[in-house]
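Novice: sequence first, then the predicted structure, then my questions.
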Amino acid sequence: MDFSERARSRYPGGRPTEEALGIQRRFMRVIERGLAPFAIVLETRGRTSGATRRVPLVMVRRRGIRYVVSMLGPDVGWVRNVHAADGRAAIIRRRREEVVLSEVPVPERPPILRRYLLIALGARPHMKVHWNSPLRDFERVAGDYPVFRVDRATP
């Protein structure tokens, strides 16, 4: 089994296996210490349980705007939790920041997705486009991967 197949096998049906959850927990500790420059811990409220849910994500900047991407598509817990909370969440990297996530319209996603795959090496096996593909290939798959703009929440 090559690297890409192994990476995909950790998320059958878009859900993390115990192995993937262990990797996520270790990575979150690194992120919280500020040792992963492009990564954050996204904290959301569970849409049904109300419990705090945490997931490590890569955050990219493009033209001074911060974005997060769902490498596994729209049917994952953190995306559903963000929608249920009207975008309210928190990001953690050394310190906590209350934020609002706004979904980016599909036509605006391709250049953000390209930037994301340039930085998010672990996402590459999960996405249907290669990191150095032409922009038209990103346009073709943009509707498959939710992209959220990250803005600081106003009190």
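Specialist: In hand now; what should we look at?
Novice: in the helix or strand where Arg140 lies, which residues are buried?
Specialist: Per DSSP states H and E, Arg140 falls inside helix 135-141. Judged by neighbour count using 16 or more other Cβ atoms under 10 Å, the buried positions of helix 135-141 are Asp137, Phe138, Glu139, Val141. Where you see a C-beta, it was placed from the backbone N, CA and C, and this is true even at glycine.
Novice: with adjacent residues omitted, what lies nearest to the second one?
Specialist: Taking Cβ to Cβ, 6 or more residues apart in numbering, and ignoring the residues beside it in sequence, Phe138 has Pro110 as its nearest neighbour in space, at 3.7 Å.
Novice: likewise the third one?
Specialist: Take Glu139 and drop its neighbours on the chain: the residue closest to it by Cβ to Cβ, 6+ apart is Pro110, 4.8 Å away.
Novice: circling back to that earlier point, quick one: contacts for the residue nearest to Phe138?
Specialist: By Cβ atoms under 8 Å, 6 or more residues apart in numbering, the contact set of Pro110 is Leu135, Phe138, Glu139, Ala142.
Novice: got a pLDDT number for Arg54?
Specialist: Arg54 is assigned a predicted lDDT (pLDDT) of 95.
Novice: and the strands in the protein, which stretches?
Specialist: Per DSSP state E, the chain carries strands over the ranges 39-45, 52-62, 65-69, 88-93, 95-103, 147-152.
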